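Student: Got a sequence here, can you model it:
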Amino acid sequence: MKATAIKRIEIHGLWGRRSISWTLNPDVNILSGINGIGKSTILNLALRAMRGEPLPSAGCSINITFEPKEATSIDYDLIRSFDRPLMRSDMLDKLSDHTVLTEVDWQLYELQRRYLNYQVNIGNRMIQLLQSSDPKASAEATSLTWPKKRFQDIMEELFFDTKKKIDRQSNEIIFEQAGDRLRPYQLSSGEKQILMILLTALVQDGQPVALFMDEPEVSLHIEWQQKLIGLIRELNPQAQIILTTHSPAVIMNGWMDAVTEVSDISVDPLLD
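Tutor: From the prediction side, this is the model:
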């Protein structure tokens, strides 16, 4: 049975001694704390556990409980914000688009494929509705297109100052600017990052999912940081957002109550 949200993350033996007990909100969760206190480690251990991967040390254990309690797993997405160069490989050399050069580029490349699948699924559901005899089917079919249109509107609002517009006739993400056509990999670091985050939220197709992000504010303008959580929730209200941050701007628009300090959920027996 799939979960609608992660309810609690418990870690024992973090760095050989510390224990973590974190009760999560079903919507937005923001982990904060000084550098080196373990924010990213907590997220990475939770992801390892959900993938069934071994933990880094024999003395470390983790338990994740879900909502509802009968659930044993949850769908999730991970967004990596740090834009490091990709190591060349046979797989990358076979790509037709050799502008895929960084980790963010690669995530965008994979999202392009998910975006195509998303559109096919929406189209199939619309056909089924329009072929039914339900008098409400036409309105329901039209509503299926709203998230994609809203995503396109949001991107053009964010990119207004640079006059970039999405080609709404294309099945791929293509931008137009002063007569030029731009693929996602040709955008600036901040533009790639906001596109990657919001496109991930869109292709989740309104389904319950845990969305993990480690310092998503990297490269984002402060105004985009302030809007970030609200825009994700607009594109997928069913997403449970779990992120780490150092930026006050990310929590500025009403998310202060969603902040958890690592020091408030951890116990170190050697210090108690």
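Student: and the helix or strand where Ile122 lies, what other elements does it pack with?
Tutor: Per DSSP states H and E: Ile122 is located in helix 103-130. Judged by 3 or more CB pairs under 8 Å, 6 or more residues apart in numbering; DSSP states H and E, the packing partners of helix 103-130 are helix 137-143, helix 146-158, helix 189-203. (C-beta placed from N, C-alpha, C; glycine too.)
Student: try it again with 6 Å
Tutor: Helix 103-130 sits against helix 137-143, helix 189-203, with contacts defined as 3 or more CB pairs under 6 Å, 6 or more residues apart in numbering; DSSP states H and E.
Student: And for the shortest one, what's in contact with it?
Tutor: Contacts of helix 137-143 with the rest of the structure, by CB atoms under 6 Å, 6 or more residues apart in numbering, involve Met126, Leu129, Leu130.
Student: from the middle of its chain, how far away would that helix be?
Tutor: Its chain's C-alpha centre and that of helix 137-143 lie 28 Å apart, by CA atoms, centre = their mean, to the nearest Å.
Student: now the last one
Tutor: Its chain's C-alpha centre and that of helix 189-203 lie 8 Å apart, by CA atoms, centre = their mean.
Student: For that helix, output the C-alpha coordinates as PDB.
Tutor: Provided in PDB are the C-alpha atoms of helix 189-203 (Å, rounded to 0.1, in the frame of the first residue of the first chain):
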ATOM      1  CA  SER A 189      21.900  28.400 -13.500                       C
ATOM      2  CA  GLY A 190      19.000  30.000 -11.600                       C
ATOM      3  CA  GLU A 191      16.600  29.600 -14.500                       C
ATOM      4  CA  LYS A 192      17.500  25.900 -14.900                       C
ATOM      5  CA  GLN A 193      17.000  25.400 -11.200                       C
ATOM      6  CA  ILE A 194      13.500  26.900 -10.900                       C
ATOM      7  CA  LEU A 195      12.500  25.100 -14.100                       C
ATOM      8  CA  MET A 196      13.700  21.800 -12.800                       C
ATOM      9  CA  ILE A 197      11.900  22.200  -9.500                       C
ATOM     10  CA  LEU A 198       8.500  23.300 -11.000                       C
ATOM     11  CA  LEU A 199       8.600  20.900 -13.800                       C
ATOM     12  CA  THR A 200       9.200  18.100 -11.300                       C
ATOM     13  CA  ALA A 201       6.100  19.300  -9.400                       C
ATOM     14  CA  LEU A 202       4.000  19.300 -12.600                       C
ATOM     15  CA  VAL A 203       4.900  15.800 -13.900                       C
END
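Student: tell me what it is packed against?
Tutor: For helix 189-203, the packing partners by 3+ CB pairs under 6 Å, 6+ apart are strand 76-79, helix 103-130, helix 222-235.
Student: go with 7 Å
Tutor: Secondary-structure packing of helix 189-203 (3 or more CB pairs under 7 Å, 6 or more residues apart in numbering; DSSP states H and E): strand 76-79, helix 103-130, helix 146-158, helix 222-235.
Student: Now render those as JSON lines, adding mean pLDDT, distance to Glu191 and mean neighbour count.
Tutor: Shown next, in JSON lines, are the helices and strands packed on helix 189-203 (pLDDT from 0 to 100; distance: least, CB to CB, whole Å; neighbours: other CB atoms under 10 Å):
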{"stretch": "strand 76-79", "mean pLDDT": "95", "distance to Glu191": "15", "mean neighbour count": "18"}
{"stretch": "helix 103-130", "mean pLDDT": "94", "distance to Glu191": "10", "mean neighbour count": "16"}
{"stretch": "helix 146-158", "mean pLDDT": "97", "distance to Glu191": "8", "mean neighbour count": "16"}
{"stretch": "helix 222-235", "mean pLDDT": "97", "distance to Glu191": "9", "mean neighbour count": "19"}
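Student: As JSON lines, the ones you listed with distance to Glu215 would be great.
Tutor: Below are these laid out as JSON lines (distance: least, CB to CB, whole Å):
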{"stretch": "strand 76-79", "distance to Glu215": "10"}
{"stretch": "helix 103-130", "distance to Glu215": "13"}
{"stretch": "helix 146-158", "distance to Glu215": "19"}
{"stretch": "helix 222-235", "distance to Glu215": "11"}
